[in-house]
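**Student:** Okay, here's the prediction I keep looking at, along with the sequence it came from:
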Amino acid sequence: MKIRNVEVLVACPGRNFVTTRITTDDGVVGLGDATLNGRELAVASYVKDHLAPLLEGVEAENIERIWQYLYRGAYWRRGPVTMAAIASIDMALWDIKAKSLGVPLYQLLGGRTRRHLLTYTHATGRDIPELFDAVRRRQEQGFKAIRLQVGIPGLADIYGVGTAAGHTAGFAKPLVEVWDTPAYMRFVPSMFEAARNEFGAEVPMLHDVHHRLSPIEAARLAKDLEPYRLFWLEDVTPAENQEALRLVRSASTTPLAIGEVFNTLWDAQEILQKQYIDYLRMSVTHGGGVTAMRKALDFAATFHIRSGMHGPEDVSPVGMAAAIHLGVSIHNFGIQEYGGYRESTMELFNPAFELKDGYLTPGERPGLGVDYDDALAERHPYSASYLPVNELRDGTVHDW
Ligand code: CS2
Ligand code: MG
């Protein structure tokens, strides 16, 4: 079965998505997610201009070899653009292989290890009452595990709360948000104290710091949050310098989750080997595909680290489906993020996966179980959109 055609499809059903579609000479079609929020066209060009010409006529069955060819053959390795492009080819080839055998992808990954996947979603509020209303709405929708993000008194919009909360399309230039670390660090523990008093000790609660603290600030926050027994504290400090996590680890037993901006196992290797984290956040889309993610998750399992694959709205339903098939088959599954999608997105991709009572299941359709409706995509053209930029009160650019 040879690769006959590699297409790159860019559409904006509420937000931008980039999808790679591979068609073989006997007409089997595979899809892969190549969405990189705010840099979509860079990945689209990488696939269209630099990968597609190399793949036409290549045996579609040889997934591992194609991955190694695209990774090592480029000479310039790693990074979100390269790895999202390779990931999309890899996902599409796994989709094709499973479809050609008439089985859902998880059957090629070792079959089911569990019935369904514990899933968490986002609850946000500009203040605590609004946040608690959002938590209650999520609980009514059946979610067991919930991520809590709250506005900080004295600050306008911040990550996860306010205008850019959904990272929706249409910001022709990055929004500037103003950040104040001391105000944040004073307020968040009080929010979780109120949340535990309101919702009890059992609810798995998560929080995303979103890279905004220094290592010592992160150590302080992790320590201050210990009494509230979070399911995890995410991206406490930028993880380019992974040794920084030693400081956080030695200060607290609050479980840590990091990795959504990592693109290869090598990015995560130190943080995993030293057991500085408890959940690996890499996604199939930004982590090099099913082939690469399986290896990364197996490596993580050696150090008792579980999966917490990234799954916001800007991982498309194709990338989400791949995460669900992987999640249902690996032993060291932890939790799956599900930011949720707009109706227009679900219409376009028509995924087979199901969310029921706070758990995800992959569905039984052959392959990834996702479609792509070209006619609908036509109606939602790409719309340039950028993630916000954070500034301190004095104008210093800060991590967002
Ligand atoms: C966030 C993401 O879901 C999360 O954990 O970190 O929403 C992140 O802000 C976006 O993926 C950025 O595009
Ligand atoms: Mg995050």
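**Tutor:** Thanks, I have it. Ligands and ions are numbered 1, 2, ... in the order given.
**Student:** CA only for contacts and neighbour counts going forward, please
**Tutor:** OK.
**Student:** residues contacting the most centrally placed residue in the chain?
**Tutor:** Centroid-nearest residue in the chain, with C-alpha atoms, centre = their mean: H310, separated by 2.3 Å. Taking C-alpha atoms under 8 Å, 6 or more residues apart in numbering, we find H310 in contact with 260, 281-283, 336-337.
**Student:** Please narrow those to those residing in strands.
**Tutor:** In strands, judged by DSSP state E, the following of the contacts of H310 are found: 336-337.
**Student:** possible to save the contacts of H310 as CSV with distance to ligand 1, neighbour count and pLDDT?
**Tutor:** Below are the contacts of H310 laid out as CSV (distance: C-alpha to the nearest ligand atom, whole Å; neighbours: other C-alpha atoms under 10 Å; pLDDT from 0 to 100):
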residue, distance to ligand 1, neighbour count, pLDDT
E260, 7, 20, 98
R281, 8, 27, 98
M282, 10, 28, 98
S283, 10, 28, 98
Q336, 11, 24, 99
E337, 7, 24, 98
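**Student:** Return the two entries of the contacts of H310 that lie farthest from one another.
**Tutor:** E260 and Q336 (12.4 Å; C-alpha to C-alpha).
**Student:** Overlap of the contact sets of those two?
**Tutor:** 309-310.
**Student:** mind listing what the spatially closest residue to the residue nearest to the centre of the chain that is not a sequence neighbour touches?
**Tutor:** What sits nearest to H310 in space, not counting adjacent residues and going by C-alpha to C-alpha, 6 or more residues apart in numbering, is S283, at 5.0 Å. Residues counted as contacts of S283 (C-alpha under 8 Å, 6+ apart) are 260, 293, 309-311, 319, 323.
**Student:** now, the most widely separated pair of these?
**Tutor:** Greatest spacing in the contacts of S283, by C-alpha to C-alpha: M293 and G311 (14.0 Å).
**Student:** I'd like the contacts of S283 laid out as CSV, including secondary structure.
**Tutor:** Formatted as CSV, those follow (DSSP: H, G, I helix; E, B strand; the rest coil):
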residue, secondary structure
E260, coil
M293, helix
M309, coil
H310, coil
G311, coil
G319, helix
A323, helix
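**Student:** Most neighbours of all the residues you listed, which one?
**Tutor:** Compared across the contacts of S283, M309 has the highest neighbour count, 31 neighbours, by other C-alpha atoms under 10 Å.
**Student:** Surely that residue and I335 touch.
**Tutor:** Yes. At 7.3 Å, M309 counts as touching I335 under the criterion of C-alpha atoms under 8 Å.
**Student:** how close does the residue in the stretch 1-150 of the chain that ligand 1 sits nearest to sit to M309?
**Tutor:** Nearest residue of the stretch 1-150 of the chain to ligand 1, counting by C-alpha to the nearest ligand atom: N37, 4.8 Å away. Distance of N37 to M309, given as C-alpha to C-alpha, to the nearest Å: 16 Å.
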